[in-house]
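Trainee: I'd like to go over a predicted model; first the sequence, then the structure.
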Amino acid sequence: MRSLIALFAAAFAFTGAAQALDAPEAIDGATTVDADAVIELITSTPDLVILDNRRVADYEAGHIEGAVRLLDADIESDADISAHVGDKGDPVLFYCNGLSCGRAANAANKAIEFGYSNVFYYARGIEEWRELGLPLITQ
């Protein structure tokens, strides 16, 4: 029985480690930022568009102030992003739940494919934001 539990624990630990790396830490064509850089962007870039790429329940449970929810799966064409971002050169930040999520990576990649040139990717997302005790807006 102990060996079965040990085997299960090892398998669970391996699965957990794999899930922690579902999303890349960097994306070609995007600038990867951490929480400090997000704060700097928010305070120094008045035209920054923040796109929260999580599900409704996650967004309502807490999001970065000023963020607009746009699920990555809902981005089917350039029009879905341009509804929020005025020009393809305007700064746009994508985030989700962190490296185990992958939604922000998907959304940022789509934006880059559509020709957006000022893309910021907050890879560690809300997971890091919460760990640091930074403020969240709830609905």
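Mentor: Everything's here; your move.

Trainee: Now the element after the helix or strand harbouring residue 107, going C-ward?
Mentor: Element membership for residue 107 (DSSP states H and E) is helix 103-113. Per DSSP H and E, the first helix or strand lying C-terminal to helix 103-113 is strand 119-122.

Trainee: partners of that next one, with directions?
Mentor: strand 30-32 (parallel), strand 92-95 (parallel) (DSSP bridges).

Trainee: hang on, the earlier thing: tell me which residues in the helix holding residue 107 are buried?
Mentor: Judged by neighbour count (16 or more other CB atoms under 10 Å), helix 103-113 contains these buried residues: 103-112. Yep, even glycine has a C-beta here, placed from its N, CA and C like the rest.

Trainee: Please convert these to JSON lines, extending it with distance to residue 132.
Mentor: Compiled in JSON lines, the buried residues of helix 103-113 are given as follows (distance: CB to CB, whole Å):
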{"residue": "103", "distance to residue 132": "20"}
{"residue": "104", "distance to residue 132": "17"}
{"residue": "105", "distance to residue 132": "21"}
{"residue": "106", "distance to residue 132": "24"}
{"residue": "107", "distance to residue 132": "23"}
{"residue": "108", "distance to residue 132": "21"}
{"residue": "109", "distance to residue 132": "26"}
{"residue": "110", "distance to residue 132": "28"}
{"residue": "111", "distance to residue 132": "26"}
{"residue": "112", "distance to residue 132": "27"}
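
Trainee: before we move on, the earlier item: helices or strands next to the helix holding residue 107 in the packing?
Mentor: On a contact count with 3 or more CB pairs under 8 Å, 6 or more residues apart in numbering; DSSP states H and E, helix 103-113 meets strand 92-95, strand 119-122.

Trainee: roughly how far apart are the spatially most central residue of the chain and residue 52?
Mentor: In the chain, the residue lying closest to the centroid (CA atoms, centre = their mean) is residue 95, at 2.0 Å. Look at residue 95 and residue 52: by CB to CB, to the nearest Å, they are 6 Å apart.
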